[in-house]
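*Asks:* I'll drop the sequence and a predicted model, then ask my questions.
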Amino acid sequence: QVQLQESGPGLVKPSQTLSLTCTVSGGSITTNNHYWNWIRQPPGKGLEWMGSIAYSGSTNYSPRLKSRTSISRDTSKNQFTLQLNSVTPEDTAVYYCARGVGGAGSDYWGQGTQVTVSS
């Protein structure tokens, strides 16, 4: 059973960098054809895909967030990390990490972590 767990600060000040880590258990982030996603949901809005890192280490980002987003990984810890720069209150959301396989949607999700951007 694959499990994902997000971790990171719940409060970030405007203009700072939001950094979250997803720890994966029950499966390797280097497994062929697996993609590891960051997705968020602002209050009262729908889910927004932010970007992903593939089993190969290649990354793909939402065009809307690309200039501010970086996703990296630590294969020794089976973790992948999101960094979102220059945050504003509009970045307040529940942030999820999730696994995708091939071209299908995400099948395993973390429980989500609330991040609030406020001074």
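*Replies:* Ah, there it is.

*Asks:* if you rank every helix and strand of the protein by mean pLDDT, what lands last?
*Replies:* Every helix and strand in the chain was compared by mean pLDDT, DSSP states H and E; the lowest is strand 106-109, with a mean of 93.

*Asks:* quick check: the nearest residue to residue 85 once chain neighbours are set aside vs residue 93, distance?
*Replies:* Leaving aside its sequence neighbours, residue 85 sits nearest to residue 68 (CB to CB, 6 or more residues apart in numbering; 4.6 Å). All C-beta atoms are positioned from the backbone trio N, CA, C, and that covers glycine. With distances taken as CB to CB, to the nearest Å, residue 68 is found 14 Å from residue 93.

*Asks:* ok, residue 54 next?
*Replies:* Look at residue 54 and residue 93: by CB to CB, they are 24 Å apart.

*Asks:* which of those two has more neighbours?
*Replies:* More neighbours surround residue 93 than the other of residue 54 and residue 93, with 22 against 18 (other CB atoms under 10 Å).
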